[in-house]
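> sequence first, then the predicted structure:
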Amino acid sequence: MRRRLRAWAAIVLAGCASWFGSARAAVDYWAWHPNVHLARILDDAGRLYLFEGELLVRGGDTLFQRRGFPPPTASPHPVVLVYRLEAMEWPEPLQRQVERDLAAFEAKRNQVWGIQIDFDARTRNLDRYGELLGQVRARLPARYRLSVTGLMDWASQGKLEDLNALQGVVDEIVFQAYQGKGPIKDHRRYFERLFARGLSVPFKLGLVEHGQYDPDALAAVRKHPAYRGTVIFLLPDAKR
Amino acid sequence: MKLSAKFLIFPLSFASAVALASGDGCDFWCGEFPNAYFLAPDNDSRGNLGLLLEDQGVVHYRPKAMPFHYGEFMEPANPAAAESENTVTSLAADLGVVGGDSVASDLQRLAASGYGRCLTDNVQAVEAFLKELKNATLPGQDGMLLAQERLRFAGLCEKAMEGHQPLPVSEAAKPYAHYLEAAANFYAGRYEPALAQFKALATDAPDWVREASLYMLGRVALNQAQIRFDMWSEPSAENIDKAFLDQAASAFGDYLKTYPKGRYAESAKGLFRKIHWLAADNAALAADYQAWLATMGNGTTSETVLDFIDETERKADPAGNIVDALWPSPVLASLGTLASWRPQNEGEPSVPPVDVEMLAAHRGDFANAGLEPLWSYLALAHAFWMEKNYPELIRQTASERIAAKPSNLAYSRWVLRGLSLMALRQFPEAESHWLETLKTVEHPGQKIQAQWLLALTWNETGRLDSVYAKDSPVALPEVQDYFIHKAKPPLLESLLKRDDLPPRTKSLAYFRLVSQWVRHRDFAAAELILAAYPPTEFALAGDTLAPLSSEGEKEGYTCPAFRELLAALQKTPDSGRWLNCMGDFLRTWNWNAPAPVIADADPVDFDLHRWHEPGDYGLPATPAEDAFGGKTYTSMDYYRETIERRGLARTDDDLAYALHRATTCFASSGNNHCGDQDIPKAQRAAWFKRLKTQYKNSPWATGQKYYW
């Protein structure tokens, strides 16, 4: 990335997560790109969020495109299966797909925490997205949990009641504080706004691996009562 | 929702433990490069591939803005999977399977795709087997029993053998029953019994069973080769069993020799890609891709194209690998060649740039593949990007003209010619070049690219007003919005008077004027704009315009509303309070950071909207010029002025507050959050000490426990 770094120096998030030692939860990881090396994450890592596929909208039709990771055998880390949606829809075949994927992961003796939905719902559509998530939750067997990714915009501009209405529907929101291979622009401001808001739904902070984040702003977010930890987005191995 | 058409094109080729076809699916999160509409090193390699595929007639792009995305070509999915479901239902009924509900629920499991080897346990596979049963005209209930059994384990994968019972069928039907048992064993991961059963059936069974079993011998061996391989690793000698891999290659070879046009011939050929990848035979893999590419054309399904793009990106990685292994595929080698010419970022590992000798050595590979024009483009591009020999480039392209519908390759040559004129600072000629392009080309992508290059040419010569002229050939609002941040104040003011411009363009110009005059400490100029045009006439996304209506601070250290503060600073520029208040305003609204290129751009779309600058085209970057002239001020400047400037009208409270703020700007890491000034720690300590001694009774001192 050729983006200019901010003048204020910042900490570097490496795969090594000891920096988060005092946080309330173990560090989790997103494995999204197939060329990430999961071998480099720590043994004491928490969950693995594994990208499994996406619902694409092409020519007015939706179709499921398989992506990402086949089930490992008896992973030592609980896994979360991640699905990206291009449309605010949960069609029947996608429900079947998720059920078949969950069964496939369990058949290989993995501990499956649940699923995560990744949809870039714009702030103004949060209430409708909440309704859709309610339907997804209702069809998900009770033993699985539901996570959603959230845009940093939600944290600063979304209506608080829409966000808090997700409590009970989703088990967590993971706010994505990155873009490209770096921290999201103005992340410090986003973090400050996030910290200042009365969010009651449990949330995590999604940070990009090797991202240079402002330590003061991170520290502020970690003091939020609804903060539940960090998910690090693993970058593909830089062969280039 | 429809199932992916790849099941139809290569029904069995993505069968092994890692689905070869997977892409990264995170185009933007994983740092995709933005694509210009001509072949260029700074494009994402998949964007360059898309342009070449368009020349081959495989895809069609209709971009509305730049950068364009390589996946934007998609058309509706192929509905064939739904058709197969209906066929299976009626075949099952024909064979005497009763209970449509149970068939439907078995088929439901196949509505979702499995992983690895189970990907081929799909509705097409069931359809093929049931068709064969119908053709075989087996005695009694054999057909029904066999169909039922196939439906039973459909989609069960690892659990395929749970509930398996030997079928009470006649001798004639036994080979089919054994075949099903072998298939269920295979899906369940029980490779040894599966292998033994397929082996027996491959020599002695009805034709259909014999052919399928011979093919399955390769599938079993290919899966055995990968037993120790999973998502955690790259293929290597430790996790791939070479003996089984060789066995798989020889089994598929046998199959293709016996059945060159067999039911599974395409699949067997496709699986050689997998074998070559697992064996790390990169040259063979590249040749496989070139052969696959050669089969594509008008009518290739969008999903196959997407699979091709994603798979080559993952497995051949043309932008990340050295080009050597890619030459057997001239197209992939071209992508790698262009990527090797990218400007290298310091400290990042890089691939050595492809030079003229290497290109010359492989000219024959291109000619053999019928890709001589692509080779010529690379040679020309080398002169442009690497040698920077612009006169030579102009000489070589002297006789070329632009057509209404040029190929992307011809268009790319034409763009290099125009860029060379720009590099030689022959701007009148460059302007004519782009104007001619705009009059001639019809493709929307080529048109937008030419608009952008024309705008860059005008920007270089201080003629941005032409971008906004009423009949400007640069009519795309996205381009006009981009150049707001480069425009000088008189041009921006003239835009405010225009009724023909989109509201967003005018709002961006308005915000730019007010915010930059404030950052440049010209409060009178800011006030003039605000007086002539109230903020309520404009709208930008989010809270971009909110600072212009800010109410000030009513508690603690009080400050007036924004407009009042501007007036106060003009009336009493020497007031410590007003200086502190301006420091607070800039800090609160984050105006200390560099202004974004487009003020209200959604940060989520940031990379997608990053237009190419001259530097991205290999041109010398124009020195960044401040269109408003002079210094920009940050909060730290104002707080320090209150602390340090002599003759200022300030109270003890003002001074204590400025000390408190200036000190706190470094909380708690020691980094400056109020500007980019480097303030020595000793100075921060001195501020703290002064606050805690001279003003120890001030509330700003009692709350200040530390400095950083």
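Received it, and whenever you're ready, just let me know what you need. Because the structure is predicted, anything quoted here is derived from the model rather than measured.
> poorly predicted segments of the chain, please.
Using chain A here. A:1-25, A:34-35, A:39-40, A:42, A:58-60, A:180, A:237-240 (pLDDT under 70).
> that's the wrong chain, I wanted chain B
Judged by pLDDT under 70, the stretches of chain B that qualify are B:1-32, B:74-82, B:231-233, B:345-350, B:602-610.
> please parse it into its domains.
B:79-300, B:356-486, B:501-702 (automatic domain parsing).
> closest one to B:F68 among those domains?
domain B:356-486 (5.9 Å; Cβ to Cβ). No exception for glycine: its C-beta is placed from N, CA and C like everyone else's.
> quick check: end-to-end length of that closest one?
In domain B:356-486, first residue to last residue: 38 Å (Cα to Cα, to the nearest Å).
> that one near chain A at all?
No: using Cβ under 8 Å from any Cβ of the partner chain, domain B:356-486 stays clear of chain A, with a minimum separation of 14.4 Å.
> SS state for B:T337?
For B:T337, the assignment made with DSSP: H, G, I helix; E, B strand; the rest coil gives helix.
> quick check: next helix or strand after the helix or strand B:E392 falls within?
Using DSSP states H and E, the element containing B:E392 is helix B:390-396. Note on helix B:390-396: by DSSP H and E, the next helix or strand toward the C-terminus is helix B:408-423.
> what helices or strands is the helix or strand just after that following helix leaning on?
As assigned by DSSP H and E, the chain's next helix or strand after helix B:408-423 is helix B:427-440. The contact analysis (3 or more Cβ pairs under 8 Å, 6 or more residues apart in numbering or on different chains; DSSP states H and E) places helix B:427-440 against helix B:408-423, helix B:444-460.
> okay if I get the ones you listed as a markdown table plus distance to B:P489 and mean neighbour count?
Shown next, in a markdown table, are the helices and strands packed on helix B:427-440 (distance: least, Cβ to Cβ, whole Å; neighbours: other Cβ atoms under 10 Å in any protein chain shown):
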| stretch | distance to B:P489 | mean neighbour count |
| --- | --- | --- |
| helix B:408-423 | 26 | 23 |
| helix B:444-460 | 16 | 23 |
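> would JSON lines of those helices with distance to A:L151 be doable?
Listed next are the helices and strands packed on helix B:427-440 as JSON lines, based on distance: least, Cβ to Cβ, whole Å:
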{"stretch": "helix B:408-423", "distance to A:L151": "35"}
{"stretch": "helix B:444-460", "distance to A:L151": "28"}
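> so which of the domains of chain B comes closest to B:N48?
domain B:356-486 (9.3 Å).
> quick one: the strands in the chain?
You didn't pick a chain, so chain A it is. Taking DSSP state E as the test, the strands found in chain A are A:11-12, A:28-31, A:48-58, A:61-66, A:79-85, A:112-118, A:145-151, A:172-176, A:178-179, A:182-183, A:203-208, A:212-213, A:227-233.
> how far away is the nearest residue to B:T312 once chain neighbours are set aside from B:A205?
Once flanking residues are discounted, B:T312 sits nearest to B:Y289: 5.6 Å by Cβ to Cβ, 6 or more residues apart in numbering or on different chains. Counting by Cβ to Cβ, to the nearest Å, the separation of B:Y289 from B:A205 is 35 Å.
> A:A104 too?
Taken as Cβ to Cβ, the span from A:A104 to B:A205 is 31 Å.
> between these two, who's got more neighbours?
Neighbour totals were compared for A:A104 and B:A205, and A:A104 leads with 23 against 20 (other Cβ atoms under 10 Å in any protein chain shown).
> isn't that one right next to B:Y115, touching?
Yes: with contact defined as Cβ atoms under 8 Å, A:A104 reaches B:Y115; the gap is 5.5 Å.
> joint contacts of those two?
Shared contacts of A:A104 and B:Y115 (Cβ atoms under 8 Å, 6 or more residues apart in numbering or on different chains): A:70-71, B:157.
> may I ask which of the residues you listed has the most neighbours?
That'd be A:P71 among these, by other Cβ under 10 Å, with 27 neighbours.
> wait, that residue sits on B:C118?
No: counting by Cβ under 8 Å, A:P71 stays clear of B:C118, with 10.6 Å between them.
> which neighbours do those two have in common?
By Cβ under 8 Å, 6+ apart, the residues touching both A:P71 and B:C118 are A:A104.
> contacts for stretch B:283-295, please.
Counting by Cβ under 8 Å, 6+ apart, B:56, B:270, B:272-273, B:276-277, B:308, B:312, B:315-316, B:325-333, B:369 sit against stretch B:283-295.
> all strands of chain B, in order?
Going by DSSP E, chain B shows no strands.
> which helices and strands does the longest helix belonging to it pack with?
The helix spanning the most residues in chain B, taking DSSP state H as the definition, is helix B:207-225. With contacts defined as 3+ Cβ pairs under 8 Å, 6+ apart, the packing partners of helix B:207-225 are helix B:123-136, helix B:174-187, helix B:191-203, helix B:242-258, helix B:265-278.
> list the buried ones in the longest one?
In other words, helix B:242-258. B:244-245, B:247-249, B:251-252, B:254-256 (16 or more other Cβ atoms under 10 Å in any protein chain shown).
> now the last one
Buried residues in helix B:265-278, defined by neighbour count with 16+ other Cβ under 10 Å: B:266-278.
> redo the helices and strands packed on helix B:207-225 as JSON lines? Include distance to B:N389.
Formatted as JSON lines, the helices and strands packed on helix B:207-225 follow (distance: least, Cβ to Cβ, whole Å):
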{"stretch": "helix B:123-136", "distance to B:N389": "55"}
{"stretch": "helix B:174-187", "distance to B:N389": "60"}
{"stretch": "helix B:191-203", "distance to B:N389": "60"}
{"stretch": "helix B:242-258", "distance to B:N389": "47"}
{"stretch": "helix B:265-278", "distance to B:N389": "39"}
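> so what's the residue of the stretch 151-300 of chain B found nearest chain A up against?
As assessed by Cβ to the nearest Cβ, chain A sits closest to B:E158 within the stretch 151-300 of chain B, at 4.1 Å. For B:E158, the contacting residues are A:104, A:107-108, B:118, B:187-189, by Cβ under 8 Å, 6+ apart.
> check A:H187 too.
A:152, A:177, A:213-214, A:217 are the contacts of A:H187 under Cβ under 8 Å, 6+ apart.
> can you give me the helices in chain A?
Under DSSP H, chain A gives helices at A:92-107, A:126-139, A:152-157, A:160-164, A:187-196, A:215-222.
> name the surrounding residues that touch the second one.
Spelled out, it's helix A:126-139. By Cβ under 8 Å, 6+ apart, helix A:126-139 touches A:88-90, A:95, A:117, A:119, A:121, A:146, A:148, A:154, A:158-159, A:162-163, A:165-166, A:169-170.
> hang on, the earlier thing: out of the contacts of stretch B:283-295, which are buried?
Buried among those (16+ other Cβ under 10 Å): B:56, B:270, B:272-273, B:276-277, B:308, B:312, B:315-316, B:325-333, B:369.
> helices - which of those land there?
B:270, B:272-273, B:276-277, B:308, B:312, B:315, B:330-333.
> now residue 140: closest residue in space, sequence neighbours ignored.
As the question left the chain open, I've gone with chain A. Using Cβ to Cβ, 6+ apart, the nearest residue to A:L140 is A:L146, at 6.0 Å.
> try again with chain B
B:G140 sits nearest to B:S170 (Cβ to Cβ, 6+ apart), 6.6 Å away.
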